[in-house]
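# Kindly generate the corresponding structure for this input.
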Amino acid sequence: MAGGGALVITAGVSFGWQTAYAGVFTTNVGEQRRVVLDDGTRAMLDTSTRIRFRAKSDIRLLSLESGRIDLDIAAEKRPFVLDMGNRQATTASARLDVSRTDGGLQLTAINGSARIDGPSGRPVSLTMGSRIAMIEGREDQLDHPELEDLIAWQGGRLVFRDDTIAQAIAEMNRYSYRTLVVTDPKVATMRFSGAYRVGDPEAFAHSLGVLLPIRVINDGDMIRIIAAS
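You can find the predicted model right below:
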């Protein structure tokens, strides 16, 4: 850990905020961390996340290198720039939920608004309640998610609504060293809905076995999900 007194917590458990200063902050698999940056911005880091923060006299810059964060950005004169690799978002004050994973970038304005650099050079305005999904090589996708579901990870839950098994296990695997595996395309594209506790792949797999025509095979550090015979 670098950069001051960041607090490490078990996923889903909420403790107080501690002030942290410019530097690098990370979480391991299954950890969450709450920090207050020296400009007053509150950041909650989800599992397997790495951020870098620095502030200058005329700008505040936070880089999300991997993972997911909830940012409650303090209002002040200096603009706050969120660097997500090949895209940037700028705001004066907002609450943002941001993820950077192998599946691409997602940014949701829970409160306030942000301006996002567009791939063609034209900025995109993200207003309160809107989400933008940014995947390299594809057009940006805008929608309006259910915010309560979106931030459920902060309480140690993941909510899926008509998602595929492949989409769900990609999220579940971020919280555990024991991985869920599906190789059959027909199984991977099965859809379901439900709310699940993070870090408990066994319970998740068992639930799928009740809901869908699949079979669960425990195989050491892996849990294989296959079609029911």
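
# Residue 57 should be in a helix, yeah?
No: according to DSSP: H, G, I helix; E, B strand; the rest coil, residue 57 belongs to no helix; its state is coil.

# So this structure: which segments form each domain?
Under the assignment automatic domain parsing, the domains of the chain span 7-148, 156-227.

# you'd agree residue 147 is up against residue 129?
Yes: when contacts are counted by C-beta atoms under 8 Å, residue 147 is listed as touching residue 129 (6.8 Å). Using the backbone N, CA and C atoms, a C-beta is placed for each residue, glycine as well.

# intersection of neighbour lists for these two?
Common neighbours of residue 147 and residue 129 (criterion: C-beta atoms under 8 Å, 6 or more residues apart in numbering): residue 110.

# From residue 51, how far off is the residue nearest the centre of the chain?
Centroid check for the chain by C-alpha atoms, centre = their mean gives residue 68 as the closest residue, at 3.2 Å. Distance from residue 68 to residue 51, counting by C-beta to C-beta, to the nearest Å: 10 Å.

# Residues that sit against both of those two, list them.
Shared contacts of residue 68 and residue 51 (C-beta under 8 Å, 6+ apart): residue 45.

# Tell me where the model's unsure across the chain.
Applying pLDDT under 70 to the chain flags the ranges 1-22, 119-121.

# what about the longest helix in it?
Of all the segments of type helix in the chain, defined by DSSP state H, the longest one is helix 201-211.

# Please name the bridge partners of the residue nearest to the centre of the chain.
Judged by DSSP bridges, the bridge partners of residue 68 are residue 99.

# who's in contact with it?
If you count contacts by C-beta under 8 Å, 6+ apart, then residue 68 has 45-47, 49, 97-101, 153 around it.

# what about residue 74, which SS state?
Quick answer, by three-state DSSP: residue 74 is coil.

# quick one: which helix or strand includes the residue nearest to it when sequence neighbours are not counted?
Nearest residue to residue 74, sequence neighbours excluded (C-beta to C-beta, 6 or more residues apart in numbering): residue 40, at 3.4 Å. Per DSSP states H and E, residue 40 falls between elements, in no helix or strand.

# From residue 60, how far out is residue 40?
From residue 40 to residue 60 the distance is 10 Å (C-beta to C-beta).

# And these two? Which one has more around it.
A count of neighbours by other C-beta atoms under 10 Å puts residue 60 above the other of residue 40 and residue 60, at 21 against 12.

# Verify the stated contact: that one with residue 82.
No: assessed by C-beta under 8 Å, residue 60 is found out of contact with residue 82, at 9.5 Å.

# can I assume residue 133 is in contact with residue 105?
Yes: using C-beta under 8 Å, residue 133 is in contact with residue 105, at 7.3 Å.

# what about these two, which has more around it?
Neighbour count, other C-beta under 10 Å: between residue 133 and residue 105, residue 105 has more, with 21 against 17.

# who's in contact with the more buried one?
Per C-beta under 8 Å, 6+ apart, neighbours of residue 105: 84-85, 87, 98-99, 133-135.

# nearest to residue 142, of those?
Set against residue 142, the nearest of the contacts of residue 105 by C-beta to C-beta is residue 133 (8.0 Å).

# What helix or strand is the closest one located in?
Using DSSP H and E, residue 133 sits within strand 131-134.
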